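In: Here's my sequence, what's the structure:
(2 chains)
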Amino acid sequence: GAVVSQHPSWVICKSGTSVKIECRSLDFQATTMFWYRQFPKQSLMLMATSNEGSKATYEQGVEKDKFLINHASLTLSTLTVTSAHPEDSSFYICSASDRGTGANEKLFFGSGTQLSVL
Amino acid sequence: QKEVEQDPGPLSVPEGAIVSLNCTYSNSAFQYFMWYRQYSRKGPELLMYTYSSGNKEDGRFTAQVDKSSKYISLFIRDSQPSDSATYLCAMSLGGSYIPTFGRGTSLIVHP
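Out: Predicted coordinates for the structure are as follows:
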């Protein structure tokens, strides 16, 4: 099955620092990757969609300069939370769709990253 | 009205029970219907995937779609404690459209 690897799974950082989260598709090429944020007992909130080689598309209300997304290759997308603050503490999850199918209805998710900003 | 409605629960059942999880939706154009299972502090994993109306069975899991009522269900037979997780329904128009997720139902199967 398609595997998406996400690292780190857990990170604590000081307020004002930046944190980078990596998302890799291990056994398939991902045309599109999605970044979600999830609060406890809440659903997935789509933050942005990234396509390989182009700028990410951000959802309304998501700060582009705060959440930098880079999709440099068909197997790697990164999310950098810049100048993190305690309100950025959350569970971040990436997902990818298989380039072979070209369809987004089957998404493969990473294991998530719990970010805690002190 | 939200596009996808899902009762957050929690739903607590004894081991061996038949579990019924449901979602309703408002967009009649949805064509693809998915169920994801998410364990605590993990990413969701795709459980069931259905196109249009009808039933689909995979082991102890059965997904049902009733497009006329805009209602989908996931049934779990012979539930096990290991089934304890949050189940999210998702729906899509297909193609490059991004799926819309429900908020998830927390299921607890106690021994």
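In: can you give me the strands in chain B?
Out: In chain B, the strands defined using DSSP state E lie at B:4-5, B:11-14, B:19-25, B:32-38, B:45-51, B:54-58, B:61-66, B:71-76, B:85-92, B:100-101, B:105-110.
In: Which of those sits closest to residue A:31?
Out: Closest approach to residue A:31 among the strands of chain B (Cβ to Cβ): strand B:85-92, 15.6 Å. C-beta coordinates here come from the backbone N, C-alpha and C atoms, glycine included.
In: What is the closest one packed up against?
Out: strand B:4-5, strand B:19-25, strand B:32-38, strand B:71-76, strand B:100-101, strand B:105-110 (3 or more Cβ pairs under 8 Å, 6 or more residues apart in numbering or on different chains; DSSP states H and E).
In: Recalculate using a threshold of 7 Å.
Out: strand B:19-25, strand B:32-38, strand B:100-101, strand B:105-110 (3 or more Cβ pairs under 7 Å, 6 or more residues apart in numbering or on different chains; DSSP states H and E).
In: So the third one, near chain A or not?
Out: Yes - part of strand B:100-101 sits near chain A under the criterion Cβ under 7 Å from any Cβ of the partner chain, namely residue B:101.
In: tally of neighbours for the closest residue to residue A:117 other than its chain neighbours?
Out: If the residues on either side of it in the chain are set aside, residue A:117 comes closest to residue A:84, at 4.5 Å by Cβ to Cβ, 6 or more residues apart in numbering or on different chains. Residue A:84 has 22 neighbouring residues, counting by other Cβ atoms under 10 Å in any protein chain shown.
In: does residue A:84 sit in a helix, a strand or a coil?
Out: coil (DSSP: H, G, I helix; E, B strand; the rest coil).
In: Check whether it really touches residue A:20, as I assumed.
Out: No - here residue A:84 does not reach residue A:20: they are 10.9 Å apart, not a contact under Cβ atoms under 7 Å.
In: got the contact list for the host helix or strand of residue A:77?
Out: Assigned by DSSP states H and E, residue A:77 falls within strand A:76-81. Contact partners of strand A:76-81, identified using Cβ atoms under 7 Å, 6 or more residues apart in numbering or on different chains, comprise A:18-24, A:33, A:35, A:50, A:66-71, A:88, A:92, A:94, A:115.
In: And for stretch B:70-85?
Out: B:13, B:15-26, B:28, B:33, B:35, B:37-39, B:48, B:60-65, B:87, B:89, B:107-111.
In: ChimeraX command to pick out the buried ones of these?
Out: Command for ChimeraX that selects the buried part of the contacts of stretch B:70-85, burial taken from 16 or more other Cβ atoms under 10 Å in any protein chain shown:
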select /B:13,19,21,22,23,24,25,33,35,37,38,48,61,62,63,64,65,87,89,107,109
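In: Please render the strands of chain B as a markdown table that adds mean pLDDT to the earlier fields.
Out: A markdown table is the format used below for the strands of chain B (pLDDT from 0 to 100):
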| stretch | mean pLDDT |
| --- | --- |
| strand B:4-5 | 94 |
| strand B:11-14 | 97 |
| strand B:19-25 | 97 |
| strand B:32-38 | 95 |
| strand B:45-51 | 91 |
| strand B:54-58 | 93 |
| strand B:61-66 | 96 |
| strand B:71-76 | 97 |
| strand B:85-92 | 95 |
| strand B:100-101 | 92 |
| strand B:105-110 | 97 |
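In: of these, which approaches residue A:2 most closely?
Out: Ranking the strands of chain B by proximity to residue A:2 (Cβ to Cβ) places strand B:45-51 first, at 9.1 Å.
In: Briefly note if that closest one comes near chain A.
Out: Yes - counting by Cβ under 7 Å from any Cβ, chain A is contacted by strand B:45-51 at B:45, B:46, B:49.
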